[in-house]
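Asks: test case, fold it:
(one chain, ligands or ions: 1)
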Amino acid sequence: MDIDNNEIFKGNKYTLGFNFQDSLIDQLTVLREQNFPGRVVEVFGALDDSPVLSARPQNKIPTLTQEEFAQQVAKLKKIGIEFNYLMNTSEKIKGKEDEVVSYVKQLISIGVKHVTVGSLKLASLLRKNFGNEIHLTMSITFGISDEKTLEKVIQSGCDACYLDGVNVNRNFKLLTHLISVAKSRIEIRLYANMSCIAECPVVKQHYKLFSSRRPDVQERHKGYFRGCSAIKLTSPVTWIQAPAIRPEDVEIYRELGVELFKLSDRLAPTKSLAFTAWAYSMNTSPADLFHLYERTGEKYRDLFTEDSSPPLLGPFSVSSSEIPQEFIQHFQDGRCNSTNAQCPICMSTANDAISVNDGWEEGIEVCKQMFRSETHVSPDEIGRI
Ligand SMILES: [Zn+2]
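Replies: The predicted structure follows:
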């Protein structure tokens, strides 16, 4: 089929994590030829020679030559997909403004016109130097969950921004208020397949860790991951209360005025990213939502010590057929904010939908003990268990 990239697509629009593999572009090309209600219109990622950190441990960021990258950007353009380059941390840019500007100039020369920033200073620097040549998105790491912060981002000249999903995705009163503040001044985006804990009290400190190049600070990510994993492993209702947006529910958010939805994870293999892109393009949850939120689940398997034999599946299955179609309604009408571990609807849904996978009962116990003694952010401190 001929692809008409100039048509105005009216369905659900997505931005997908990009792992810099040609195999993912092949998958997206097949997907683009389908006539689905949703569409990937942008991918996002960063390379390791970037002058500003992106929000992933630096040793996991891919290396690619500019030529290889340029070829991928061109292939994506052919199927109507923009590349959004991530500079999405609050890393200080003072003293290296010229380096940042020259890097972005190079990006623009290969066709990358979308950049995600993590600070107001970087947004202003790029707007000043590139005017309307560049499309700027404020990252989720900036943590927009109130009117004042949103207003600052609008004033910095960003074209789009992510609202802080941890606090906003399941708080419809706050979401509709922020959308009304944004009006047509800035495009509102949400992170759809997130597995963070709703209203995580340490999310801002966690985001800040990403903006340091110091190895000891980067190492502390593991502690944060252990803290939230401890909660997820100890309290299965967390899987229901993680503020993810199911594929079936995206339309509800779009009708409220959310224009684009982020799908992660850019460090995941093509198989996982394609699986996620298909599910959201079709507005249909897979049988097990675990894989949509946690990809291969390998980070849980990595928690085992070397002499343990990690099971192949992740710790839990989250059965989508056991989650009522109207589950989202009790958030929409304000009966639950997705943090109340006693919410009868969340509890009964968790009871029906969550099951521990074979081989994990013992592993979960081991992990719980390990977390209690080692974790940087204690689950007790967070107060959810
Ligand atoms: Zn609830």
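Asks: isn't Ser211 up against Leu53?
Replies: Yes: with contact defined as CB atoms under 8 Å, Ser211 reaches Leu53; the gap is 6.0 Å. Bear in mind the C-beta positions are built from the backbone N, C-alpha and C, glycine included.
Asks: higher neighbour count, these two?
Replies: Applying other CB atoms under 10 Å to Ser211 and Leu53 shows that Leu53 carries more neighbours, namely 23 against 19.
Asks: wait, what's in contact with that one?
Replies: Met87, Thr89, Glu91, Phe210, Ser211, Ser212, Arg213 (CB atoms under 8 Å, 6 or more residues apart in numbering).
Asks: can you tell me which of those is closest to the ion?
Replies: Phe210 (30.2 Å; CB to the ion).
Asks: what score does the closest one have for pLDDT?
Replies: As predicted, Phe210 sits at a pLDDT of 75.
Asks: would you list the phi and psi of the closest residue to it other than its chain neighbours?
Replies: Distances taken as CB to CB, 6 or more residues apart in numbering put Ala55 closest to Phe210, at 4.2 Å, once the chain neighbours are dropped. The phi/psi pair for Ala55 (degrees, to the nearest 10) reads phi -80, psi 60.
Asks: tell me how far Ala55 lies from the ion.
Replies: 29 Å (CB to the ion, to the nearest Å).
Asks: which residues are in contact with that residue?
Replies: Ala55 neighbours (CB under 8 Å, 6+ apart): Leu86, Asn88, Thr89, Gly118, Ser139, Thr141, Tyr207, Phe210.
Asks: just send these back as TSV, with distance to the ion too.
Replies: Shown next, in TSV, are the contacts of Ala55 (distance: CB to the ion, whole Å):
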residue	distance to the ion
Leu86	33
Asn88	31
Thr89	33
Gly118	32
Ser139	28
Thr141	27
Tyr207	26
Phe210	30
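Asks: quick one: which two of those residues are the most distant?
Replies: Spatial extent of these (CB to CB) is set by the pair Leu86 and Tyr207 at 13.3 Å.
Asks: who has more neighbours out of these two?
Replies: Leu86 (27 against 22).
Asks: what does the protein put close to the ion?
Replies: Cys336, Cys343, Ile345, Cys346 (CB under 5 Å from the ion).
Asks: quick one: pLDDT of the second one?
Replies: Confidence at Cys343, expressed as pLDDT, is 93.
Asks: go on, the first one?
Replies: If you check Cys336, the pLDDT there is 94.
Asks: kindly report the same for the last one.
Replies: Per-residue confidence (pLDDT) for Cys346: 95.
Asks: ok, it touching Cys336?
Replies: Yes: assessed by CB under 8 Å, Cys346 is found in contact with Cys336 at 6.3 Å.
Asks: what helix or strand is the closest residue to Glu97 other than its chain neighbours located in?
Replies: Closest residue in space to Glu97, ignoring its immediate chain neighbours: Leu125 at 5.8 Å, by CB to CB, 6+ apart. Under the criterion of DSSP states H and E, Leu125 resides in helix 120-130.
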